[in-house]
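Engineer: Predicted structure and sequence below. I'll ask about it afterward.
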Amino acid sequence: MQNKGFVKVFSVLLTLVCLFYLSFSFVTAHYDKLAAKYANGDPKKESFYLDSLATKKVWLGYNLKTCREMEITLGLDLKGGMNVVLELNVADVVRSLSNNNQDPNFNKALDLAKARQATSQTDYIDLFAEEYKKLDPGARLSAIFSTFELRDKITPQSSDAQVISVLKSELQSAIDNSFNVLRTRIDRFGVVSPNIQRMQTTGRILVELPGVKEPERVRRLLQGSADLEFWETYNLTEIMPALQRVDAYLASLNKTESADSTETASTKAVEGKGTAAKDTLASAQGKLSKDSLLAQLSGDTTNNAQQAKNLAEYTREHPLFAHLQLSLYSNGQPAATPVVGIARASDRNLIDSLLNLKQVKELLPRNLALKWAMKSNDEAEQFYSLYAIKTSRDGSPALSGDVVTDAKADFAQGGLNRNEQEVSMTMNAEGSKEWARLTKDNIGRCVAIVLDNLVCSAPTVNTEITGGRSQITGHFTVEEAKDLANVLKSGKMAASINIVQEDVIGPSLGQEAINAGFFSFILGLVLLMIYICMMYGIGPGMIANGALIINVFFTMGVLASFQAVLTLPGIAGMVLTLGMAIDANVLIYERIKEELRSGKGFAKAISDGYGNAFSAIFDSNLTSIITGIVLFYFGTGPIRGFATTLIIGLCASFLTAVFLTRIVYEWLIAKDKMKHATFTTRVSKNFLVAPKINFLGYRKVGYLIPVVLIVLGGVALGTVGLNTGIDFTGGRNYVVRFDQNVNTEKVRSMLNSQFAGSNVSVITIGTANQVRISTNYKINDNSRNVDTEIEGKLFAGLKPLLPQGTSQDQFVGTYIQSSQKVGPSMAEDIKSSAYIAVVVSLIFMALYILARFRGIAFSVGAFADVTAVTLCIIALYALCWKFMPFSMEVDQTFIAAVLTIIGYCINDTVVVFDRIRETIGLYPKRDRYQVINDALNSTLSRTFNTSFSTFLVVLCIFLLGGSTIRSFTFAILLGVVVGTYCTLFVATPIAYEIQKRQIAKKAAALEKK
């Protein structure tokens, strides 16, 4: 084998990389166990334990936080949580940029563009410009957008192209700011390993929150408006006495609690102040440990009992200052700064609870508000500053953010450091006047810029600023300056954020999915290994099985290196990859068997077997990878996880099956071992050896069966239709588990009165006591309370089926296992992407076959094959969904299954076409009818073994992988059967018909000559 040295080096390096990245998952699992042991069932203690280790180096110089970022994380369908797709109302942003222009054509164009965007991949701004031109062909966009606020960017003379460019830039700023605000809110929410990312569609943001148990709180958090404000500040020197009084007061509570239990006047006085302060203070005392801020600043106290005792004493004497390190000079005097002090991230809630005590508030100035910084002081995000904000009598800010008309980040002008960033800000006329007054009154002091109740920046005022133009400097990085500019511009962006897709999965359902996915994976792998050994012998079988295990190892390692999320469809993709990966070994072994039958020696048979099988393996893997790429590009969420796993698995299988197994065989040949291997067993010795089936003779009957099936499916589509899921129609799904078995019709009738005027469907999911309820009730309503309203209607309708005394909160928290929402705009996008993905995949397959085999006959045959298979699967779903005992919905996962089937069918067809091409090359004058029949018969053993092994592992997932992917795996099962049939009786016969006509035309042309 050529390049053997390179393959060995590459494999060793890949192994080391995989070990490195997979190690982080084992490290985090180890510390999770330690945290669970420490907490003894208390989630707060567990979270505190993990937070305390977040910045500690625990593995190869990496801290625990970094280890978590590099581990393979489980998807929400496996561990429970909330998945949300948020959409910025782009029309609101454009309307704001026009100063809410009332031109009827302008507003109508916004509405028409929004309607078109539901079925188009074109940018919203471009759609709006097109619609506006249609309504008013002679109008210029600059007439709408040449406002006072945008005067520096758009003038009455600006071309439409220039205006569109500015609008896109402003829209991107709004999206960036929304993203930053959401990221900050999620960080404050305290979710472990959240994921937030921008989506390809303009204005959409994906948020994944593992382990969330309060979805309604999350909805309020994510959809709440973010207000930009400017506040005056206090210096620490001005409020230091008040803070000392607070600290002394809290210490006095400690002293009274530790005094003798005999009632004294002082004890009664403390009791009169209530128990809330005592409870909060007790929490503060319990929180001080070697991981507290004071301990961090004092040095390591792990093994120093005296220091630990001193720290405990200090927290009793200074309950507030033990957690909040004040901004003091080296001589102990307070600094003239609005930063009161710094605290650990994990201590912020505790400090807030101390400062919000009623008695503490009475000791602080009435116009003092204490607000945390938005960004941390360190890269590890462990320490945050607390600012002293001066409020007005009515609690309103000195200046609201809606007066800001523009802000941008750029390099500082005239500074000593030309690389230093500054942020320039422009205000409207009203804001300019107020800003001049505010800066005049605060020269030498700081003005805090606050967004979402967090301080983004607090620049010092050097002089009175008139004219409404200001420059903010502060040793910003490029990203920090850009973020601050986006924050400042957010004041004028009156854009709402709505949830357009939502999935909530309970922890119990997630654990069931883990168990089902893991068990189906192990069983599928074991059965596949047994089958290979049964068909090819123990020796060859174990070499192929070793390649499978290494394939799994490489796949998991590469997934870990990408920080990928492992979902249930991802596990299904891995199991499916095993079935498709064994195809390479089957191809090689079948060719080796042929070479051995022809009388070649073992070494020569191995060499020729691998060489002759290479092109078919390469083509079949590449076509499957192409469908995976299409699936990844057009899919979302778990479907992308499936595509990622499939692509990585196929690449890994090519390395392991084609190269690594050959190295093993060459080593065995060099050691003079296995030279008597026949690659057969008693079971397979005479199985499909030299079959003589006349496939082409049956081609007319072969055409008829899929045609009849497709016609029947067409009739079913016209009468009962497909069972389209909410991915395509929009709506809500709720999986509800009862304590007893329930009848779906009874459940539906109980809910009809609650959801009058809307569609309600109920089906059994998994077991007889679990149902999925689907409804499109108020799906267009984006109000904040609609989800709670629907949950209330479900509770009211299903109350007779629940135990007596069950409250609505108990129903939502215990009986609703998962929920899903897909808004109409999201549903249209998913549907259009699905159609495009299928069509693009079909075209790509046909083009690849045309380029690879250089013949229109093969290309048309392949296209007809995958088209027939796709239509047959759709037809079977239309015919069967009414009576099957499980859900057969047409949704995103169904489209993923169809695309996978397309790749599988091409895989199967390419092997046959490759053998036809090879035979034609060897015997160009042989009758084409005989050539094609021989090719089909010679590859029949491979076709059966590959189809059966794939069917076997997918059947394991279908039966044991859980109800959530049962429809997905059923479609693939159908695809394996129908795809194998169409390869034999559709693709190849059609290629023959075309080639026969081409040969006849050539013969006729030669006769004329």
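Structural biologist: It's in. Residues are numbered from 1 along each chain as shown.
Engineer: contacts, neighbours, all on C-alpha from now
Structural biologist: OK.
Engineer: part of a helix, is C456?
Structural biologist: No: C456: not assigned to a helix; according to DSSP: H, G, I helix; E, B strand; the rest coil it is strand.
Engineer: Pull the contacting residues for Y703.
Structural biologist: Counting by Cα atoms under 8 Å, 6 or more residues apart in numbering, Y703 touches 985-986.
Engineer: Now do the same for it: its pLDDT.
Structural biologist: pLDDT recorded at Y703 is 92.
Engineer: Low-confidence regions, the stretch 151-300 of the chain specifically.
Structural biologist: 187-193, 200-202, 213, 224-226, 255-300 (pLDDT under 70).
Engineer: Quick one: low-confidence residue ranges for the stretch 451-600 of the chain.
Structural biologist: 490-495, 506-510, 513, 568.
Engineer: where along it do the helices fall?
Structural biologist: For the stretch 451-600 of the chain, the helices defined by DSSP state H, counting those that start in this stretch cover 478-489, 507-536, 538-561, 568-597.
Engineer: Let me know which of those is tucked in deepest.
Structural biologist: Mean neighbours per residue, mean count of other Cα atoms under 10 Å, is largest over these for helix 568-597, with a mean of 25.
Engineer: now for that one, which elements pack on it?
Structural biologist: Packing contacts for helix 568-597, counted by 3 or more Cα pairs under 8 Å, 6 or more residues apart in numbering; DSSP states H and E, involve helix 507-536, helix 538-561, helix 602-634, helix 638-654, helix 940-960.
Engineer: Please, which helix or strand holds G332?
Structural biologist: Per DSSP states H and E, G332 falls between elements, in no helix or strand.
Engineer: could the helices of the stretch 451-600 of the chain go into JSON lines alongside distance to P156?
Structural biologist: Listed next are the helices of the stretch 451-600 of the chain as JSON lines, based on distance: least, Cα to Cα, whole Å:
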{"stretch": "helix 478-489", "distance to P156": "23"}
{"stretch": "helix 507-536", "distance to P156": "58"}
{"stretch": "helix 538-561", "distance to P156": "52"}
{"stretch": "helix 568-597", "distance to P156": "54"}
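Engineer: These: which one's closest to I648?
Structural biologist: helix 538-561 (5.9 Å; Cα to Cα).
Engineer: which outside residues touch the closest one?
Structural biologist: Taking Cα under 8 Å, 6+ apart as the rule, helix 538-561 contacts 14-15, 17-19, 21-22, 70-72, 529, 532-535, 565, 574, 578, 581-582, 585, 645, 648-649, 652-653, 656-657, 660-661, 664, 674, 677, 679.
Engineer: just how off-centre is it within its chain?
Structural biologist: 26 Å (Cα atoms, centre = their mean, to the nearest Å).
Engineer: Can you classify the closest residue to R183 other than its chain neighbours by secondary structure?
Structural biologist: Closest residue to R183 apart from its sequence neighbours, by Cα to Cα, 6 or more residues apart in numbering: I196 at 6.9 Å. Three-state call for I196 (three-state DSSP): strand.
Engineer: Let me know the pLDDT of the residue lying closest to M427 once chain neighbours are set aside.
Structural biologist: Leaving aside its sequence neighbours, M427 sits nearest to V404 (Cα to Cα, 6+ apart; 4.3 Å). What the model reports as pLDDT for V404 is 85.
Engineer: Next: the one 3 residues further on.
Structural biologist: At A407 the predicted local confidence, pLDDT, stands at 83.
Engineer: In a helix, it, correct?
Structural biologist: No: read with three-state DSSP, A407 is strand and lies in no helix.
Engineer: and it, what is it in contact with?
Structural biologist: 423-426, 485-486, 488-489.
Engineer: just how off-centre is the helix ranked longest in the chain within its chain?
Structural biologist: Identified as the longest helix of the chain according to DSSP state H is helix 4-39. Here the centre of helix 4-39 is set off from its chain's centre by 22 Å, with Cα atoms, centre = their mean.
Engineer: what's the following helix or strand past that helix in contact with?
Structural biologist: Downstream of helix 4-39, the next assigned helix or strand under DSSP H and E is helix 43-52. Helix 43-52 is contacted by residues 31-32, 35-36, 38-39, 291, 346 when judged by Cα under 8 Å, 6+ apart.
Engineer: please redo it, this time with the cut-off set to 7 Å
Structural biologist: 35-36, 38-39, 291 (Cα atoms under 7 Å, 6 or more residues apart in numbering).
Engineer: Now do the buried residues in that helix.
Structural biologist: With burial defined by 16 or more other Cα atoms under 10 Å, the residues of helix 43-52 counted as buried are 45-52.
Engineer: on that earlier part again, could you work out the most separated pair of the contacts of helix 43-52?
Structural biologist: Spatial extent of these (Cα to Cα) is set by the pair A36 and D291 at 18.0 Å.
Engineer: the more surrounded of these two?
Structural biologist: Between A36 and D291, D291 has the larger neighbour count (other Cα atoms under 10 Å), namely 20 against 17.
Engineer: With N367 as the reference, measure out to R140.
Structural biologist: For R140, the distance to N367 equals 50 Å [Cα to Cα, to the nearest Å].
Engineer: So for the two, which sits in the more crowded spot?
Structural biologist: R140 (18 against 13).
Engineer: show me what contacts the more buried one?
Structural biologist: D160.
Engineer: Likewise for L222?
Structural biologist: Contacts for L222 (Cα under 7 Å, 6+ apart) come out as L182.
Engineer: For stretch 664-679, measure first residue to last.
Structural biologist: Span of stretch 664-679 from end to end, Cα to Cα: 15 Å.
Engineer: what does it contact?
Structural biologist: Stretch 664-679 is contacted from outside by 536-537, 540, 589, 593, 602-603, using Cα under 7 Å, 6+ apart.
Engineer: any chance of the residues you listed in JSON lines, plus distance to E745?
Structural biologist: Output for those, formatted as JSON lines (distance: Cα to Cα, whole Å):
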{"residue": "Y536", "distance to E745": "52"}
{"residue": "G537", "distance to E745": "53"}
{"residue": "P540", "distance to E745": "54"}
{"residue": "Y589", "distance to E745": "54"}
{"residue": "K593", "distance to E745": "58"}
{"residue": "F602", "distance to E745": "65"}
{"residue": "A603", "distance to E745": "67"}
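Engineer: Nearest to F948 among the residues you listed?
Structural biologist: Distance to F948 across the contacts of stretch 664-679 (Cα to Cα) is lowest for Y536, with 14.5 Å.
Engineer: any idea how far the nearest residue to I571 once chain neighbours are set aside is from L959?
Structural biologist: Sequence neighbours aside, G517 is the residue nearest to I571 in space, at 6.5 Å (criterion: Cα to Cα, 6+ apart). For G517, the distance to L959 (Cα to Cα) stands at 11 Å.
Engineer: Tell me the buried residues in stretch 163-180?
Structural biologist: 163-164, 166-168, 170-171, 173-180.
Engineer: Of the residues you listed, which is the nearest to F230?
Structural biologist: The closest of the buried residues of stretch 163-180, once distances to F230 are taken by Cα to Cα, is N177, at 17.2 Å.
Engineer: Give me the angle between the helix or strand hosting that closest one and helix 478-489.
Structural biologist: Using DSSP H and E, N177 sits in helix 160-189. Relative orientation of helix 160-189 versus helix 478-489 (axes from the mean of the first three to the mean of the last three Cα atoms, to 10 degrees): 100 degrees.
Engineer: show me the contacts for C872.
Structural biologist: By Cα under 7 Å, 6+ apart, the neighbours of C872 are 706, 709-710.
Engineer: ok, so of those residues, who is nearest S98?
Structural biologist: Looking across the contacts of C872 and measuring by Cα to Cα, the closest to S98 is I710, at 53.2 Å.
Engineer: SS state for Y384?
Structural biologist: Once three-state DSSP is applied, Y384 turns out strand.
Engineer: Apologies, that question was intended for S819.
Structural biologist: The local conformation at S819, judged by three-state DSSP, is strand.
Engineer: Need the nearest residue in space to L696, chain neighbours excluded.
Structural biologist: Nearest residue to L696, sequence neighbours excluded (Cα to Cα, 6+ apart): P989, at 6.0 Å.
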